[in-house]
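Engineer: just coords:
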């Protein structure tokens, strides 16, 4: 699980809401949950570019949804793994931080960082296959449905993954469902 931002043209008004001071760009943000089979399980947005990943998490309602559905058959909780920006909880884990790390903690952080990069790969897939989300000068709030375009690209990316697989499904060795199963 991670957040990303889609650079947009500088809007004529409400610049402050979409300006991301950390990245020094006007942008809309999206939150993405990627499965080991290479599919996007949850894509939320758009959110204001200045918002923090934890803010997107609260506004998306994802934690509330996880409390309902993220349980194994034997009653154990299932969880997502996110970067340090996310709060810890029963359904959300992150790297160990703010404490002296034991060798086991350091190993856990190292192994999980290699897994978490899969979400970044998905953002890269969307940018590579659907170049329209990269044309910053054409992405103008109020003149084009910037947020909807990115969300539709996420659905199209899932369809592409069903047909051809992707780097994530190859990395984890998990087959994606066929296209009919996905859209069913």
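Structural biologist: Happy to help now that I have it. Computed from a predicted model, the values in this text were never measured in an experiment.

Engineer: in the chain, which helix is the longest?
Structural biologist: Longest helix of the chain, by residue count under DSSP state H: helix 103-129.

Engineer: ok, then the element right after that helix?
Structural biologist: Next in sequence after helix 103-129, counting helices and strands by DSSP states H and E, comes helix 146-164.

Engineer: next, the buried residues of the helix or strand that that following helix is followed by.
Structural biologist: Next in sequence after helix 146-164, counting helices and strands by DSSP H and E, comes helix 167-172. By neighbour count on 16 or more other C-beta atoms under 10 Å, the buried set for helix 167-172 is 168, 169. C-beta: built from backbone N, CA, C; applies to glycine.

Engineer: could you do stretch 78-90 as well?
Structural biologist: Under 16+ other C-beta under 10 Å, the buried positions of stretch 78-90 are 80, 81, 82, 83, 86.

Engineer: pretty sure residue 101 sits in a helix.
Structural biologist: No. Read with DSSP: H, G, I helix; E, B strand; the rest coil, residue 101 is coil and lies in no helix.

Engineer: and the closest residue to it other than its chain neighbours, how many neighbours?
Structural biologist: Once flanking residues are discounted, residue 101 sits nearest to residue 109: 7.2 Å by C-beta to C-beta, 6 or more residues apart in numbering. The local packing of residue 109 (other C-beta atoms under 10 Å) involves 16 other residues.

Engineer: which residues touch residue 109?
Structural biologist: Taking C-beta atoms under 8 Å, 6 or more residues apart in numbering, we find residue 109 in contact with 95, 96, 101.

Engineer: just the pLDDT for it.
Structural biologist: Residue 109 is assigned 90 on the pLDDT scale.

Engineer: re earlier: the longest helix of the chain: which residues count as buried?
Structural biologist: Going by neighbour count (16+ other C-beta under 10 Å), the buried part of helix 103-129 is 109, 112, 116, 118, 119, 122, 123, 125, 126.

Engineer: could you dump these to JSON lines with distance to residue 165?
Structural biologist: JSON lines is the format used below for these (distance: C-beta to C-beta, whole Å):
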{"residue": "109", "distance to residue 165": "28"}
{"residue": "112", "distance to residue 165": "23"}
{"residue": "116", "distance to residue 165": "20"}
{"residue": "118", "distance to residue 165": "13"}
{"residue": "119", "distance to residue 165": "17"}
{"residue": "122", "distance to residue 165": "13"}
{"residue": "123", "distance to residue 165": "18"}
{"residue": "125", "distance to residue 165": "11"}
{"residue": "126", "distance to residue 165": "16"}
